[in-house]
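In: for reference, the sequence and a predicted model appear below.
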Amino acid sequence: MVSSKEIVSALPDLCGVYLIKDSTGNIIYIGKSNSIKKRISTHFRTKLADKIASVDYILTESELSALILEASLIKKYKPKYNVSMRDDKQYPFVMLTMSEDFPMLTISRKVDDEKSVYFGPYKSLTARMLIKVVSKIFGLRSCANFKKRAQPCLNYYIKRCSAPCIDNISKKEYWINVKKAIDFLSHGPEQLLKELKSEMDKASRNMDFERAAKLRDNIHSIEKMISRFENRYTKQKRKDLESLNELQKIFSLKKTPKRIEAIDISNIGKDNTVGSLVVFLDGAPYKNNYRRFKIRTAKLPNDVAAIYEVVTRRYSGSLKDKFPFPDILLIDGGTAQLNSAMQA
C-alpha cells in the first residue's frame, strides 16, 4: 500500500481539483485548492486519512475554473464524504431556462425543470457572483417576467443584460451567447479566452484592426472580471479561515474547528418552550442540520432544565449517530446553563 508521504510527494503544488479514492477505487471526496499538494497533506490529518488510497487531480489555470469543475464533478460522482454539497437545499444551482426564446439566468434551489440547464450546486455567495460575472460577459437576462418594453431595465445600463426586451439583440445572437455561457459554466473561462484570442489574432492578420481592438477589449474586460471574482472569493475564504483560527486559539484546540454547534432556548408563553440547534460548517451556516426541540420533560419555564434536555437529546438520542460531534459547542446563557449542559 502506498504511504501518505508518497501520495503527497507525487502531487503538484498547483491550482486544480482533486479526487480522493478509497482502496476499491471509488471516489469518496472531491475538492479544489490553489495547492493540491498542501490540501491533500491537510486531509491526511483528518478522519478521512485512513480511507485515502490514491488521489487523482485535474489542473486548472484559475481558481474560478477549479470552482466550476469541482461543482460539476461532485454533481456527477456524488462522493460519499462531500456531505455539505449533496442533496442540500442550502446550496443553490445556477439555472438557465432553455425553454424560452431568450433564456433567463437565475438561482434555483431545486432541480425540477427538465427543460432547464443547471450548474452547481454552489454556496449562495458564489452562485450570485457567478451570475453577475456571466451576465456581464454574455448579456443574459435575469428578469423573471420577460416581455417587450419601450425602455430597458437598469441591468442594461449597468451592462448586465443585452436587452432582448427592446430588440437590442437578435434571437440568433442571443443563443450564441447562451451556448458560450453554458460552456463557460461547464468548463471555466479558459476555453472562451483561448477562442477570443484566436479570433483577435485572425482579425489582426486580416488587418481588421477595429475588430481586433474590440476583441482585445473584451478579453481584458473578461480577465478583469474573473480577477475581481477570484479576489472577492479568496478574501471571503480568508476571512472565514481567520475567524476559525481565532476560535482555535480561544478554545486551545489542536486543529482548526470545522463544525460548530450552538444551542439556545426560547420561551413562548408559560407552557411553550423550544430549544434550537444551529450548525456552522467551515464557517458557513449549515441549515440542513438545524433542528428544533419542543421541550417536554422540564417544568416550564426553566431554561436550565431545557438546556439539559436538548443537550441530552442531541448527543445521546437519535441524532448522536446521524450527526458528527462538533469541534465547538456554544451554549446561550450563563453559568447555570453551561453547568447543566456539561452534566447532560
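Out: Right, received. Where do you want to start?
In: where do the helices sit along the stretch 151-300 of the chain?
Out: 154-157, 171-187, 190-205, 209-250 (DSSP state H, counting those that start in this stretch).
In: okay, those helices, which one's buried deepest?
Out: helix 171-187 (a mean of 16; mean count of other Cβ atoms under 10 Å). (Glycine included, C-beta is placed from N, CA and C.)
In: how far off centre is stretch 122-138?
Out: Here the centre of stretch 122-138 is set off from its chain's centre by 11 Å, with Cα atoms, centre = their mean, to the nearest Å.
In: residues in contact with that stretch?
Out: Outside stretch 122-138, the residues that touch it by Cβ atoms under 8 Å, 6 or more residues apart in numbering are 67-68, 71, 90-94, 105-107, 119-121, 140, 142, 155, 159-162, 177-178, 180-181, 184-185, 192, 221-222, 225-226, 229, 232-233, 236, 284.
In: the helices of the stretch 151-300 of the chain: lowest mean pLDDT?
Out: With a mean of 83, helix 209-250 has the lowest mean pLDDT of those.
In: I'd like to know which elements it is packed against.
Out: Helix 209-250 sits against helix 63-77, helix 124-138, helix 190-205, with contacts defined as 3 or more Cβ pairs under 8 Å, 6 or more residues apart in numbering; DSSP states H and E.
In: that one to helix 190-205, inter-axis angle?
Out: 150 degrees (axes from the mean of the first three to the mean of the last three Cα atoms, to 10 degrees).
In: helix 209-250 vs helix 63-77, what angle?
Out: Using the same axes, to 10 degrees: helix 209-250 against helix 63-77 is 70 degrees.
In: now helix 209-250 against helix 124-138, angle please.
Out: 170 degrees.
In: helix 171-187 and helix 209-250, what's the angle between them?
Out: 40 degrees.
In: ok, back up a step: quick one: which of the helices and strands packed on helix 209-250 is nearest I166?
Out: Checking the helices and strands packed on helix 209-250 against I166 by Cβ to Cβ gives helix 124-138 as the closest, at 16.8 Å.
In: buried set for the closest one?
Out: 126-127, 129-138 (16 or more other Cβ atoms under 10 Å).
In: mind putting those into CSV with distance to R296?
Out: As requested, the buried residues of helix 124-138 are exported to CSV (distance: Cβ to Cβ, whole Å):
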residue, distance to R296
T126, 40
A127, 39
M129, 44
L130, 45
I131, 45
K132, 47
V133, 50
V134, 50
S135, 50
K136, 54
I137, 55
F138, 55
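In: just the residues you listed now: which is nearest A53?
Out: Nearest to A53 among the buried residues of helix 124-138 is T126, at 30.2 Å by Cβ to Cβ.
In: spit out the contact partners of E173.
Out: S162.
In: any idea how far it lies from S162?
Out: E173 sits 8 Å away from S162 when distances are taken as Cβ to Cβ, to the nearest Å.
In: repeat that for N231.
Out: On the measure of Cβ to Cβ, N231 and S162 end up 26 Å apart.
In: how about the host helix or strand of A306: buried residues?
Out: In this assignment (DSSP states H and E), A306 forms part of helix 303-316. Going by neighbour count (16+ other Cβ under 10 Å), the buried part of helix 303-316 is 303-311, 313-315.
In: quick one: list the elements packing against the helix or strand bottoming out on mean pLDDT in the chain.
Out: The weakest-scoring helix or strand in the chain, judged by mean pLDDT, DSSP states H and E, is strand 284-285 (a mean of 78). Using 3+ Cβ pairs under 8 Å, 6+ apart, no helix or strand is in contact with strand 284-285.
In: low-scoring stretches of this protein, by residue?
Out: 1, 83-90, 298 (pLDDT under 70).
In: in TSV, list the helices and strands packed on helix 209-250 along with distance to N267.
Out: Shown next, in TSV, are the helices and strands packed on helix 209-250 (distance: least, Cβ to Cβ, whole Å):
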stretch	distance to N267
helix 63-77	41
helix 124-138	32
helix 190-205	56
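In: out of the ones you listed, which gets nearest to K270?
Out: So among these, helix 124-138 is nearest, using Cβ to Cβ, at 38.4 Å.
In: isn't Y29 up against K47?
Out: No. Y29 is beyond contact range of K47, at 11.2 Å (criterion: Cβ atoms under 8 Å).
In: that older thread, closest one to R292 out of the buried residues of helix 303-316, please.
Out: Nearest to R292 out of those is V310 (Cβ to Cβ; 9.7 Å).
In: of all the helices and strands packed on helix 209-250, which one is nearest P257?
Out: When these are compared by Cβ to Cβ, helix 124-138 sits nearest P257, at 20.6 Å.
In: would you mind writing the CA trace of that closest one as PDB?
Out: The C-alpha trace of helix 124-138 is given here as PDB (Å, rounded to 0.1, in the frame of the first residue of the first chain):
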ATOM      1  CA  SER A 124     -25.100  31.200  -2.200                       C
ATOM      2  CA  LEU A 125     -22.500  33.900  -2.400                       C
ATOM      3  CA  THR A 126     -20.600  32.000  -5.100                       C
ATOM      4  CA  ALA A 127     -23.800  31.500  -7.200                       C
ATOM      5  CA  ARG A 128     -24.700  35.200  -7.000                       C
ATOM      6  CA  MET A 129     -21.100  36.200  -8.000                       C
ATOM      7  CA  LEU A 130     -21.100  33.700 -10.900                       C
ATOM      8  CA  ILE A 131     -24.400  35.100 -12.200                       C
ATOM      9  CA  LYS A 132     -23.000  38.600 -12.000                       C
ATOM     10  CA  VAL A 133     -19.900  37.600 -14.000                       C
ATOM     11  CA  VAL A 134     -21.700  35.600 -16.600                       C
ATOM     12  CA  SER A 135     -24.400  38.300 -17.100                       C
ATOM     13  CA  LYS A 136     -21.600  40.900 -17.600                       C
ATOM     14  CA  ILE A 137     -19.800  38.800 -20.200                       C
ATOM     15  CA  PHE A 138     -22.700  37.300 -22.200                       C
END
